[in-house]
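Novice: just need the structure, nothing else, for what follows:
(2 chains)
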Amino acid sequence: MKKNGVKMIKINSKNVDVYYGKKQALFNINLDIEENQVTALIGPSGCGKSTFLRCLNRMNDVIDICRVKGQIIINDFDINDKSCDVVRLREKIGMVFQKPNPFPKTIYENISYGPTIHGMAQSKNEMDEIVETSLKKAALWEEVKDRLHEPGTGLSGGQQQRLCIARAISVKPEVILMDEPCSALDPIATAQIEELIDELKKDHTIIIVTHSMAQAARVSQNTGFFHLGELIEHGSTDKIFKNPENKKTQDYITGRFG
Amino acid sequence: MNLILFTFIVLLGFTSYYFGRRKAYTIQSTNKRLTALPQFYGYYLAIWCAIPAFIIFSLWAIFEPTIVKLLILSDYSNQGYLDDELNLIYEKTKALSRGQFTGEITPFIEASAEKYLSLRSIAQSSKAVIVLSIIIASVAYAYKKISSNSRTREPVEKFLKAVLFTASLAAILTTVGIVFSLIFQTIDFFKVIPLFDFVFGTHWYPAKAFVRDSSEALDPTMYSDTFGAVPIFAGTFFIAFIAMCVAIPIGLMSGIYLAEYASVKVRQYAKPLIEILAGIPTVVYGFFAALTVGPFLKEIGNSMGLDVSAESALAAGGVMGIMIIPFISSLSDDVITSVPQSLRDGSYAMGATKSETIKKVIFPAALPGIVGSILLGVSRAIGETMIVVMASGLAANLTLNPLESTSTITAQIVVILIGDQAFGDPKTQAAFALGMSLFLVTLCLNIVALRVVKKYREKYE
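Specialist: Presented below is the predicted three-dimensional model:
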């Protein structure tokens, strides 16, 4: 999406360093994320792409020994600032994990969880509506509308992951972070999720970490390549895949290492 | 003698292991591939040593006494003795041979005792000879038999399986035996005391049964209003209830703190510390309750104008609760910790706070396990004895006032079985009936607890 011909930047990270205890995991990351686009983060295992993703909604806070330095600016506000309210931040920035992790509750309760804790629905009707729209957006409504009050853990893997996406979008986040959302799924479920990602980018900015180069090429408009904790190269997906500037990027894309 | 023989057999076992392994190495050195690792050949020979030894020892233990007895008593046959008299003679003979005979020594018995001793020594030495020769023969046979392509791994594995099976069978059979002894005594008890009186009677006063002279005939009517178990069942559940009122909130909250809030360092020290509480013997809790908590409560109560007994249900229940805290705390900590991290991440990523996550995601997910830990705590509370005996009195009052003294099933069993008991007396059998009902109650609780825990396990696997 362009405004006056200039791409809108949603997230602007400056000089981000991350340490696990004494070990530095990310080195001086400067990456801008465009609004209403899909940005893919690729790179070999342990390169720090998931760590960077978890910086964006401060999920690294959960890990005791993890320290984050540098600025991550979202909507003109540095989320690493002390005044940042993590609850509000995570309401605005949803997350989908590698392994589907529905709560051991009913499908309905899984979706209503976020809106309840953020006080988004005033009545049962409003909540019903949120649940229905979220499930519809996640392309799961038709499959589960008759069993909303059955446990979410009883769904298939692909359905569970879409349930988790529905749960993430139920609070209308501006950004959705996806940490290898398809790595536990079969090709058909993967195709469904990829289709869904394309659909979701109309309303949300999406950042996806993936191990599959093909997936990055299929779903993303921008790509960042991480290697050993550094951001080696980033730019439009087209350019990264067809005409990378850096030798390492080229080697990785062509499967010469990784 | 037996000990020397046994040591010798063990040494033989080790030797045969060594020979088996050496033969395997020899085979291996001729560039033949073995069917199993060399030590399996060793174990195989050791088994060939152990099994015959075991069989002969058990056969000997079964048949030796019978045969010796037959031989001794053959001297007395055709003399018109009754079976009972013959048994008595045999017992006298054995006692004399051990030098423990105190009665009049007749020449007959003296001769028998000598014969007995000589028979025993013959038996011992023949046992040693037979065992050793059979073992050596069987090991030698097995040693010759093993070759590069003989199967040794499978028999060894089978043998291990059989040993483990025997061990678990022994554990189960003893339990079954205990249950059966309970059942038979209980049935005898209910032949005298009607089941109805026991289950619904409100007056428990076993001291009344103490006055009966055992030479008198048994008159069931004299036990009416003696063995009514309602007061002690009520007391048991009441004290357990007080205990759980203390243990559940504190145990659960400390479990949640340890699992979710405590830093690694705090947890590292706090958890073993709490578990130490579980290692304190219940006697210590008992006198803590009887000598510290009881009088303390009495004083406080008196200063407020309440009439508090020094041995109160509150003191016993409260201290019992403290005893149970570590179980609930430690088990619920384990259960909460085993809730997958991905659920916490999912909840935090939705913007939930820590307490919201615990309340709405972790606690419901861990609930079955927590319920299981609570039920295990309850069955401990019901089965606890020392604290109640010491701190809550022995008079079976039917009361719901926590400041009065009451008594429990376990405490009454202690009361009944302290001192001399006559077997076959309803008073003694009452203890079995109580034990049986206690067993049934805790069994039901444990079954429920295990089912709940199992249901929880299925959820994440």
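Novice: name the residues of chain A found near chain B, please.
Specialist: For chain A, the residues in contact with chain B (CB under 8 Å from any CB of the partner chain) are A:57, A:59, A:62, A:64, A:86-91, A:94-95, A:97, A:99, A:101-105, A:113-114, A:117-118, A:153, A:164, A:167-168, A:171. Quick note: C-beta positions are derived from backbone N, CA and C, even for glycine.
Novice: where does pLDDT dip in the chain?
Specialist: Using chain A. For chain A, applying pLDDT under 70 flags the ranges A:1-6, A:257-258.
Novice: chain B is the one I meant
Specialist: Residues of chain B that meet the cut-off, pLDDT under 70, sit at B:208-224, B:420-424, B:456-461.
Novice: nearest the geometric middle of it, what residue?
Specialist: With distances taken as CA atoms, centre = their mean, B:Thr175 lies nearest the centre of chain B, 7.7 Å away.
Novice: check which helices and strands the helix or strand where it lies is in contact with.
Specialist: Using DSSP states H and E, B:Thr175 maps to helix B:153-192. The contact analysis (3 or more CB pairs under 8 Å, 6 or more residues apart in numbering or on different chains; DSSP states H and E) places helix B:153-192 against helix B:38-74, helix B:426-460.
Novice: A:Asn75: which of these is closest?
Specialist: Nearest to A:Asn75 among the helices and strands packed on helix B:153-192 is helix B:426-460 (38.2 Å), distances taken as CB to CB.
Novice: what's the angle from the closest one to helix B:153-192?
Specialist: On the basis of axes from the mean of the first three to the mean of the last three CA atoms, to 10 degrees, helix B:426-460 is oriented at 140 degrees to helix B:153-192.
Novice: report the buried residues of the helix holding B:Thr175.
Specialist: Of the residues in helix B:153-192, B:155-156, B:159, B:182, B:185-186, B:188-190 count as buried by neighbour count, 16 or more other CB atoms under 10 Å in any protein chain shown.
Novice: name the nearest of the residues you listed relative to B:Ile328.
Specialist: Using CB to CB, B:Leu182 comes nearest to B:Ile328 of the buried residues of helix B:153-192, at 28.9 Å.
Novice: next, the contact list for that closest one, please.
Specialist: Contact analysis of B:Leu182 by CB atoms under 8 Å, 6 or more residues apart in numbering or on different chains lists B:432, B:435-436, B:439.
Novice: mind redoing it with 6 Å?
Specialist: Counting by CB atoms under 6 Å, 6 or more residues apart in numbering or on different chains, B:Leu182 makes contact with B:432, B:435-436.
Novice: which of those lies closest to A:Gln24?
Specialist: Set against A:Gln24, the nearest of the contacts of B:Leu182 by CB to CB is B:Gly435 (65.5 Å).
Novice: the closest one and B:Val179, how far apart?
Specialist: 10 Å (CB to CB, to the nearest Å).
Novice: cool, and B:Ala113?
Specialist: Look at B:Ala113 and B:Val179: by CB to CB, they are 42 Å apart.
Novice: and B:Phe6, by the same measure?
Specialist: From B:Phe6 over to B:Val179 the distance is 34 Å, taken as CB to CB.
Novice: can you check B:Thr385 too?
Specialist: Taking CB to CB, one finds B:Thr385 at 19 Å from B:Val179.
Novice: next: A:Thr133.
Specialist: Distance, A:Thr133 to B:Val179, using CB to CB: 60 Å.
Novice: ranges for the helices of the stretch 151-258 of chain A?
Specialist: For the stretch 151-258 of chain A, the helices defined by DSSP state H, counting those that start in this stretch occupy A:157-169, A:187-200, A:213-219, A:237-242, A:247-253.
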